[in-house]
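> quick one, structure for this:
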Amino acid sequence: MSHHRRRRTAFPRALLGLLLVAALTACGASLAPSLAPSQRIAAPSLDGFDVAARVAYQAAMCPIFNSILAIDPRLKGLREAGAAGGDVSAQSGEVDAVVDDLLITLNDLDDVPEWSFGDELRFSLINALHAIRTHLLGVADDPSNATAAETLAATPFIATEAMDRSMARAVEAGLSCEVTE
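Reported below is the predicted structural model:
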C-alpha cells in the first residue's frame, strides 16, 4: 500500500521537468525536437547509424509530449472532481473528451518510429495511457453509478517509476525537446 501511495504522490523527475514546461506551453510555447543532446546529460557514444533514428523519434515524440502536457491537468481535474464525491455526471463530457484525446495520443504513439534508446519510453507511455483510458471508459459507461466518483478519483497517473527510468535512458542517449516560442 505504501508503495502504491508513494507512486501517486512522487512524480518522476523527468516527467516533472516536462510538466514545468506546461506553463510555457500555456503561453503559446511548444516543445520542439532539438538536434542536440541534452546539455546536462552527456549522451553515450552512439554510432552514426542511430542518429537518424533518434532524430525521427524526436520529431514524432516531442508533439506527443505536448499532448500529454495538455491531458495531464485535465486528468488532475477529473481526479479532484471524483475525490470531492457525489454525482460526477457533470464531468461526463470531459471524461469523454479525455478518452478521445487519449485515443488520438495512443494512435500517435503507435506511429512513432523505432529507436532502441526510446522504445521502452514509448511502450511505457502506451501502457500508462491505455490503463488510464480503460479506467475512464468504466466511468464513461455509467457516470451516475454510485462508485463513479471513487473510480474517477482513483484514475491512474501517467508517470510511473519505470517511465522515469526509460525517460532518463532516452535523454541520456540524446532525446531532447526544447521549448520554442
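> skipping its backbone neighbours, what lies nearest the residue nearest the centre of the chain in space?
Computing the C-alpha centroid of the chain and ranking residues by CA atoms, centre = their mean puts Ile68 first, at 4.3 Å. Once flanking residues are discounted, Ile68 sits nearest to Ile158: 6.3 Å by CB to CB, 6 or more residues apart in numbering. Heads up, the C-betas are built off the backbone N, CA and C, glycines and all.
> what's the burial count for the one you found?
21 (other CB atoms under 10 Å).
> list the contacts of it.
By CB atoms under 8 Å, 6 or more residues apart in numbering, the contact list for Ile158 reads 15, 68, 71-72, 75, 125, 128-129, 132.
> can you list those residues in CSV and add pLDDT?
As requested, these are exported to CSV (pLDDT from 0 to 100):
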residue, pLDDT
Leu15, 43
Ile68, 96
Ile71, 97
Asp72, 96
Leu75, 97
Leu125, 96
Ala128, 96
Leu129, 97
Ile132, 98
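> so which of those belong to helices?
15, 68, 71-72, 75, 125, 128-129, 132 (DSSP state H).
> quick check, nearest of the contacts of Ile158 to Cys177?
Ile68 (11.3 Å; CB to CB).
> the closest one reaches Asp108, doesn't it?
No. At 10.3 Å, Ile68 does not count as touching Asp108 under the criterion of CB atoms under 8 Å.
> for the closest residue to Ala131 other than its chain neighbours, what are its contacts?
Nearest residue to Ala131 in three dimensions, chain neighbours excluded: Pro156, at 5.0 Å (CB to CB, 6+ apart). Shown here is Pro156, whose contacts under the criterion CB under 8 Å, 6+ apart are 128, 131-132, 135.
> list the contacts for Ala60?
108, 111-113.
> one more time with 6 Å, if that's ok
Val112 (CB atoms under 6 Å, 6 or more residues apart in numbering).
> and the gap between it and Asp119?
12 Å (CB to CB, to the nearest Å).
> Glu161: neighbour count?
Glu161: 13 neighbours (other CB under 10 Å).
> then Leu106?
Leu106, neighbours per other CB under 10 Å, totals 16.
> that one reaches Leu129, doesn't it?
Yes. The criterion here is CB atoms under 6 Å, and Leu106 meets it with Leu129 at 5.4 Å.
> part of a helix, is Met167?
Yes. Under DSSP: H, G, I helix; E, B strand; the rest coil, Met167 sits within a helix.
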